[in-house]
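Peer 1: Mind folding the following:
(one chain, ligands or ions: 2)
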Amino acid sequence: MPYDPSSSESRWQQAWSDAGSFTATRDSRPKYYVLEMFPYPSGRIHMGHVRNYTMGDVVARFKRAQGFSVLHPMGWDAFGMPAENAAMEQGGHPRDWTYANIATMREQLKPLGLSIDWSREFATCDDAYVHQQQAMFLDMLEAGLITRKSAQVNWDPVDMTVLANEQVIDGKGWRSGATVERRELTQWFFRISDYSDELLSALDGLTGWPDKVRLMQANWIGKSRGLQFRFQTVDAPEGFEAIEVYTTRPDTLMGASFVALSPDHPLVRDLAAADPKVAAFVEDCRKIGTTEEAIETAPKLGFDTGLTVKHPLDEGWQLPIWIANFVLMDYGTGAIFGSPAHDERDHEFATKYGLPIRATFGERGMSLEQADALVAKVPYVPLKSEIVTYVRGFSGQAEQTGEAAVDAAIAHAEAHGYGEGVTKFRLRDWGISRQRYWGCPIPVLHCEKCGTVPEAKENLPVLLPQDVTFDVPGNPLDRHPTWRQAVCPSCGGAALRETDTMDTFVDSSWYYARFTSPHAATPTDRADADYWMNVDQYIGGIEHAILHLLYSRFFARAMVKTGHLPESAKEPFDALFTQGMVTHEIYMTRDERGRPVYHLPEDVYRLHLKGNEVAVLKREGFDDLSDEEAIEYAEAFAGEIEIIPSAKMSKSKKNVVDPVNIVQSFGADTARWFMLSDSPPERDVEWTAVGAIGANRFLARVWHLASLDIQEAEDPDLTRAAHRAIADVTKAIEGFAFNKAVAKIYELANAVGKSKAGGEARRAVLRIMAQLMGPMVPHLAEDVWAMAGGQGLLVDAPWPKADPALLEDDTVVLPIQINGKRRAEISVAKDMPKDQIEAMVLADETVRRFLEGAAPKKLIVVPGRIVNVVA
Ligand code: ANZ
Ligand code: ZN
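Peer 2: Residues are numbered from 1 along each chain as shown. Ligands and ions are numbered 1, 2, ... in the order given. Below is the predicted model of the structure:
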């Protein structure tokens, strides 16, 4: 019988399902919770999913075999714009589109044979999930974790919606491509910034996380220490006698050349009301979005108000007040002083508007003139830890680091009473209001009498209305004829529902907790949550290193505060692994106008021809060609396709391989094996047709080895190799080095192939091999297990233990020196008696050549070290 995954894989999946093998149960075993980031139901699974879920599955199956009670669930991150876009473009309803996609993707995932507890599956758009998320929202509102405030938002004028910062790409809406504007709206916020300090300091404890992710989070939270102080204004309107600024470089105060206000600064509002030119300038500034990136990259724009302030260190020195587009209102105080000599933005601004550029410090040892010359064209921005020479210092600065100078400047300000040292965070509150339909409704009402009122818990869930249209832009909830009308839970009068829905990041901030009790009538069942939390191993893409993980960390804290999670679940993910991407070559031709045309790998015949890399299009009839004919064909058309080096699989470049096709033609185990074999999990892996065929061939060989019937014979070397493999594979899986585990299994398979072992001795080794392969290629492993006489299902077999006695290498390699020169070596058992070693040496090919039939003059064996022969 040849290897035939198409029949055996589904059979094993059925067997596991019948046995309930992957149902997670609370019992006396230690628990292990492994989770891969859940997918968005786009409609098709891709190779990235296969890689991600296979890795998680290896861990889940491994831990299960090691005696853990494993929770390995799957669900769907199901709300979001694409469903609405589909409704806009193709008609239909977002709900139908979403659930149809889920059904399709579930059918595509199941053949992969993942050890998932499907009884826990849910989608974030399920009524029950919406219900519990709303219940939690109300709890968090009551606990003071949520606030409503007016805020600057990115407004997409075409989609008529607020965009999250990350949905703004180069100042344009990610979907519409329209230039994003700034607007002020009243929005709902989670008060994540209250947790800035804690979210930062707790990163130190996340030792199971990659350093780079912790660093990215730390930078995002962005803690800085600086000076907050006031400039006295000279001729500003009433109420603006002083302008408060925040600086992280108070040591550059003597190089100040202007003060700049955010276009949203209260003083600017005042001025704009009186002066249409100011108002027009502010309007211009609003055309850039609110993202830091957009603001950072936009050309610097300024407006001179004509007003001035006094320098705090010199009453007679006045600085002009400008309005500048790069000053953000929601950071620091919304006002800065510019020190063009030591700041890129200030330099660009000063150069553009002819403002003075005066160095505060220069490179070590520089004079004032040299330092000024240094910064005339470009700012001088050394690391704060570098020693520099202060040429316009105050408070006694001279040669010192920027750090020391900043400290001294803060001390000086505090001593002289013009400012205070303060700590600021970049992290803003998390705005969750979205003016979209396909999201979780925010369960509050607006009552004319009572104001904003939370919906009563017994009225939950607030579900989306089904009868909506997407033929006009904007939020369908706003224009629904009746949905908004509700009863105020506080006064019983008429009230209007909030029509904002929640950012989908809310949905994904607690799904891991919901998996512990997916059917509970409360957000979590505490007994379940207490048992299963934390996620022991979380696996996902680095693209979620910042927002998703930060929001989840905040949400877990909020759930602790509202009693939905135990205190110990504050940091919900004990260990995090970020896997690399799946890449593929790109195949390109050009059309008659020279524009690139991309081709799917399945439409391309790829060949390595006499050192040349050739790819040609498969024309009609290609599939009927013999191998030789195909090569001739490739030679004939060589050069027609340009091969672009491997890059992340993407639909636009058509360098995608459909996992469904791969599973159909090779089986799931081949896809899984290849995904694990070729590179370390944290690196990108290149999918190649040749590699897939190679993986498949290896699995077929293992099948063949298992099906051979060999006469009884012992082979202690093979048994030792098997135990070595147990130790090595165990260590590799524990260390997330799946590619190494794969390599060790290759070695073991080779050893089995070479060995003459038969009967039970051979079967015992095959069973070990099956067990070691089980987490990676679970179907083939069951087959091998069964063929080798394994009892019951392999998934129920405990992980094999290496016999320490067999791990000890009991052979040594002895070098043989002939006439003082090393000429050969022999491998002998450690405890081999001297006379036997001597006999082996004399029988050695090389030794015999040197002796030319004569007896050696001397033969000295130093046991365990060396053999000396004098010929
Ligand atoms: C004077 C100065 C001189 C500055 C110099 C920098 C370099 P971080 O480190 O990210 O916290 N700043 C303060 N508030 C701002 C706002 N609302 N919008 C834009 N920029 C603002 O950044 C702090 C520095 O960014 C502050 O230090 C301030 O410029 C600027 F050689 O003050 B600095
Ligand atoms: Zn009311």
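Peer 1: so after the helix-or-strand element of the chain with minimal mean pLDDT, what's the next helix or strand?
Peer 2: Each helix and strand of the chain was given a mean pLDDT (mean pLDDT, DSSP states H and E); the minimum falls on helix 292-297 at a mean of 72. For helix 292-297, the succeeding helix or strand toward the C-terminus, using DSSP states H and E, is strand 302-311.
Peer 1: who does that following strand pair up with?
Peer 2: Using DSSP bridges, the strands paired with strand 302-311 are strand 223-233 (antiparallel), strand 314-324 (antiparallel).
Peer 1: Tell me which residues of the last one come out buried.
Peer 2: The reference is to strand 314-324. Applying a neighbour-count criterion of 16 or more other C-beta atoms under 10 Å, the buried positions in strand 314-324 are 319-324. Glycine gets a C-beta too; all of them are placed from N, C-alpha and C.
Peer 1: Dump those residues into TSV; add pLDDT as well.
Peer 2: Formatted as TSV, the buried residues of strand 314-324 follow (pLDDT from 0 to 100):
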residue	pLDDT
Leu319	97
Pro320	97
Ile321	97
Trp322	98
Ile323	97
Ala324	96
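Peer 1: Compare the strands paired with strand 302-311 and give me the one nearest Tyr511.
Peer 2: Ranking the strands paired with strand 302-311 by distance to Tyr511, with C-beta to C-beta as the measure, places strand 223-233 first at 29.1 Å.
Peer 1: Next SSE downstream of that closest one?
Peer 2: Stepping forward along the backbone from strand 223-233, the first helix or strand reached (DSSP H and E) is strand 242-247.
Peer 1: ok, residues contacting that following strand?
Peer 2: By C-beta atoms under 8 Å, 6 or more residues apart in numbering, the surrounding residues in contact with strand 242-247 are 226-233, 236, 253, 259, 261, 267, 309, 321, 331-333, 335-337, 422, 424.
Peer 1: Selecting buried members of the residues you listed in ChimeraX, what would you type?
Peer 2: Here is the ChimeraX command that picks out the buried ones among the contacts of strand 242-247, judged by 16+ other C-beta under 10 Å:
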select :226,227,228,229,230,231,233,236,253,259,261,267,309,321,331,332,333,335,336,337,424
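Peer 1: Flag the shaky bits of the protein, pLDDT-wise.
Peer 2: For the chain, the stretches with pLDDT under 70 are 164-166, 289-294, 395-397.
Peer 1: Run through the residues of it sitting next to ligand 2.
Peer 2: Neighbours of ligand 2 within the chain, by C-beta under 5 Å from the ion: 447, 449-450, 488, 490-491.
Peer 1: And the furthest pair within the residues you listed?
Peer 2: Across those, the two members that end up farthest from each other (C-beta to C-beta) are Lys449 and Ser490, 8.0 Å apart.
Peer 1: Give me the more crowded residue out of the two.
Peer 2: With other C-beta atoms under 10 Å as the criterion, Lys449 and Ser490 differ in neighbour count, and Ser490 comes out ahead with 15 against 12.
Peer 1: ok, Ala725 - how many residues close by?
Peer 2: Here the number of neighbours of Ala725 (other C-beta under 10 Å) works out to 23.
Peer 1: Contact partners for the closest residue to it other than its chain neighbours?
Peer 2: In this structure, Ala725 finds its nearest non-sequential neighbour in Leu748, 4.3 Å apart by C-beta to C-beta, 6 or more residues apart in numbering. Under the criterion of C-beta under 8 Å, 6+ apart, the contact partners of Leu748 comprise 721-722, 725, 765, 768-769, 772.
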